[in-house]
Structure formats: C-alpha cells, structure tokens
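Q: for reference, the sequence and a predicted model appear below.
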Amino acid sequence: MTLSLDPLFQPESVAVIGASRNPGTIGYQIVDNLVRHGFQGVVYPVNPNARSIHSFPAFPSIAQVPGDVDMAIVVVPKEFVLKVVDECGEKGVKAVVVISAGFREVGGEGLGREEVLLEIVQRHGMRLVGPNCMGIMNTAEEVSMNATFAPTMPPNGATSFLSQSGALGVTILDYASEYGIGIRQFVSIGNKPDVSGNDLLEYWEHEPGTRLILMYLESFGNPKNFIPIARRVSRKKPIAVVKSGRTKAGARAASSHTGALAGTDLAMDDLLAQCGVLRAESIEELFDMAMAFEDLQSPKGNRVAIVTNAGGPGIIIADACESAGLEVVELGSDTQARLRGIFPAEASVRNPVDMIASATGESYEIALRIVLDDPCIDAAIAAFVPPLGVKQADIAASIASAVEGKREKPVLAVLMGREGLPQGIAELDDAGIPAYRFPELSLIHI
C-alpha cells in the first residue's frame, strides 16, 4: 500500500491546476517553486485563461495536457475541486494534492464535500494529500521538488516532516533553514481523509534517505493502527512529535482548524510512550531534538559526562540529566587521575568536570578526549561560558577536534554568551555536533 505514495514523492510530471501568472497567489507560488528549485520532472500549468505561465505552455484543462501526469496540485475554489479531481482520475493521474480549503474543517456542506472527494479519489485509484493543506516537498537531488506555497526551500537532509497545519508548515520550513536542519521530505496533510500519518510512517520506514521523522499533529485518525506502526518504526528511526490540542481551548481550536478530534493529553502521553515516540513540548524543542538526532547515533547507554568551565551550567545540566532518566556517573579512578594531572587544584575532576574559568580551547579538547575514553561513559555534554579572552569559535573548534574519530559516543555542546555565538554554532554544525544556547535544551536529546 505504501508503494502507492511514490507518485507523490517521486513524480516525473506535475500538473498545477489553478496555476496563475499573478505573483502573490498560491497558484503562482507553487509553479514558481517548482521551477526555481529545479524540479527534475515536467511541469504542466493548467489555466483556461492563460496561454503560458512561467514560459511553460498552459493548458485549459487536465484532459488537454498532452503527456502522462503522475501528480496534480489542485489550487481552485472549493466549488470546482470535485469536478477537477474527477477529471484527474479520468486522465489517469496517480495522485492529487488538494490545496483548497472549505471541506471538513468548516463543517456542514464542507463535510459532505470531503466525503464525495474521497469517493472520487478511491474510485479512480488515486492517492490524496489534503484538502486544506500547503503541499508536498522532496529535496532529494534526483527529484528537487518544492510543490508547496512556502517561500523557503530548506537544505537537503535526512529528516522527513509531517505537518497537519499548512500555515505552521511554512514556519517549520523557515525554522529548518535557520537551524541548518536538512529536510528530506515534507508533507502538509491537512484534513487527511486518505493519506494519513500512519501511511507516511510506513513509507518513511523504508525510504532510505530518511533517518529521522518529525510530526506536528492535531489528532490521531486511527490510534489502534498508529501504535504497532510507530512501535515498529521507532526501533529503526527516531520519531518525535508535537501534539497540539492539549487543553480544552486547544482541543476546540483543533476541531475547528482541521476537523480534528483531540484526545486527553494524559492519554496521549501514554500512547506515545508505549510506542517509543518522543514528545516535544514545542516546535522549538522539536527542532532541538532534530539537531541531536540528525547527525548523532544513539548512545549505547544512559551514562553522561559533563565538561564545563563554570559550576552553574554544570549543576543545571546534571539536574536536567537526572530528571530525564540519564545518569551523571562518577568517572573512573584512572580518568580522574589523568584529569587531575592536567587541571589546577581548584578544578573538579569527578562529574561534572569543572575546569574553572581559566580553561582554554586546549583544555576542552584534552578533557573531552579523556572522558570519552572512560568505559563508564556513553555520551558527553560540553558547556562553555565565555570568560575574557577566550573566543566561542576557538572552543567550538577544540570540541570538534576532540570528537573527531570518537563518533561512537555522541557529544553535544552548550555555548552561552552572545559574542561569537553564531560562528561557534556554525563551527560545531559543520562538524555534526549539535550546539545549544542554554544548558537545559541539550539534555533530553541524548
């Protein structure tokens, strides 16, 4: 069943029905994104009132497109969607993405309209993303498809993302670009009468370029199916979820937004926990998790070493580690002896390792190499508070140097202080080391 999603993610031809020559319209933006970001297939704009769009010949209807069409993006008023999708089926289109709103999310006639839409899609053997969505994306070089109306195309990477909210999807893609998180595939599923989160989990389970799955959800369409699927997939690839509708007010908003029925928050926590799925409290935390999981392999155990140049961050990190079920274990006697021979008497060589404010980049490199050699340690966190005369970028370079050749034990970094922060974070990002601005953010992601 999941193989039928290939026309959505790997189409050789895309028709945009409702394509427009007017900048600022969704029909224009989608065609522009396909062209500007180098879609490797054929683009067919469909508009009865235009001869050409973006220098491509435009066609009055999908029936008059001369070639085969794998996927159609439908951007027409809700009153015309059913007719257009039926024409797609008659044409032999394999998948449709309905951007248009005005379906189940508005209730009444919209609910009936969506039921007919699903019947049409099933009758023609097509797959449907949407309605009420922002589109679909695949950044793989051999596809390079941005079939959304988002202004941002994130870098290619190993993270696939599902969003039940179209508008929030735009923000998500902006965040991905800002954080430097590579997106493999992105889907805004909207009301999801056909293609659901469960379908996408099964597809991404076997998609070789996807190593991490992120989800923004307002509802679970079929929790009984989700549990075995997520439990199986999460053993192979991490899954992290932001589930909205936590409160009564949020649940009401979710219902009016995509027609979602939100469950109780406590039951949701239990459901995700038994599936091995991580729950993020916010979009920001979701991306903090992504920073850790995108490049790092999972540690073999839960024993963490903390290396810092200040006591305060070390204490905060230790507290948060313990709260998250991680162990800040005492370092082995040999490890402590090696550290004691390098650092001044005022330093602490147990765990956290507090090298005090005089620590340099060389200090970080030496200390990290030593603690990573300790067989009692499964992962490490390096935290830096900038004293006078020591640059963030120098510390970042030293942390990266220490980790080189020791990737079997994940290392995360905390760089505090504003001066030189972007350079330091960029240095660590290039080395595949997640870097955070505050000590609490790094801990639950090991």
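A: Thanks, I have the structure now. Predicted model only: the values in this text are computed from it and were never measured.
Q: C-alpha coordinates for the longest strand seen in the chain, CSV please?
A: Identified as the longest strand of the chain according to DSSP state E is strand 156-163. Provided in CSV are the C-alpha atoms of strand 156-163 (Å, rounded to 0.1, in the frame of the first residue of the first chain):
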residue,chain,number,x,y,z
ASN,A,156,18.6,18.6,1.7
GLY,A,157,19.0,16.3,4.7
ALA,A,158,17.8,13.1,6.4
THR,A,159,14.7,14.5,8.3
SER,A,160,11.2,13.9,6.9
PHE,A,161,8.5,16.0,8.4
LEU,A,162,4.7,15.8,8.6
SER,A,163,2.6,18.8,9.5
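Q: so where is the stretch 101-250 of the chain shaky, pLDDT-wise?
A: Along the stretch 101-250 of the chain, segments meeting pLDDT under 70 span 221, 244-250.
Q: one more time with 90
A: Applying pLDDT under 90 to the stretch 101-250 of the chain flags the ranges 151-155, 164-182, 217-224, 243-250.
Q: which residues in it form helices?
A: 109-123, 166-179, 197-206, 223-234, 248-258 (DSSP state H, counting those that start in this stretch).
Q: for stretch 18-25, which outside residues touch it?
A: 26-28, 30-32, 45-47, 50, 53, 58, 73-76 (C-beta atoms under 8 Å, 6 or more residues apart in numbering). C-beta: built from backbone N, CA, C; applies to glycine.
Q: one more pass at 7 Å, please.
A: For stretch 18-25, contacts defined as C-beta atoms under 7 Å, 6 or more residues apart in numbering pick out 27-28, 31, 45-47, 50, 53, 58, 74-76.
Q: burial measure for Phe149, as a count.
A: Neighbourhood size, Phe149 [other C-beta atoms under 10 Å]: 22.
Q: which residues does it contact?
A: 26, 29-30, 134-135.
Q: out of those, which comes closest to Lys91?
A: Within these, proximity to Lys91 (C-beta to C-beta) peaks at Ile30, which comes in at 18.8 Å.
Q: number of residues surrounding that closest one?
A: Neighbours of Ile30 under the rule other C-beta under 10 Å: 28.
Q: Ala267 now?
A: Count around Ala267 with other C-beta under 10 Å applied: 10.
Q: quick check, it in a helix?
A: Yes: counting by DSSP: H, G, I helix; E, B strand; the rest coil, one finds Ala267 located in a helix.
Q: so how far is Ala280 from it?
A: Distance from Ala267 to Ala280, counting by C-beta to C-beta, to the nearest Å: 18 Å.
Q: Leu162 now?
A: The value you get for Leu162 to Ala280, if C-beta to C-beta is used, is 14 Å.
Q: more neighbours: which of these two?
A: Neighbour count, other C-beta under 10 Å: between Leu162 and Ala280, Leu162 has more, with 25 against 21.
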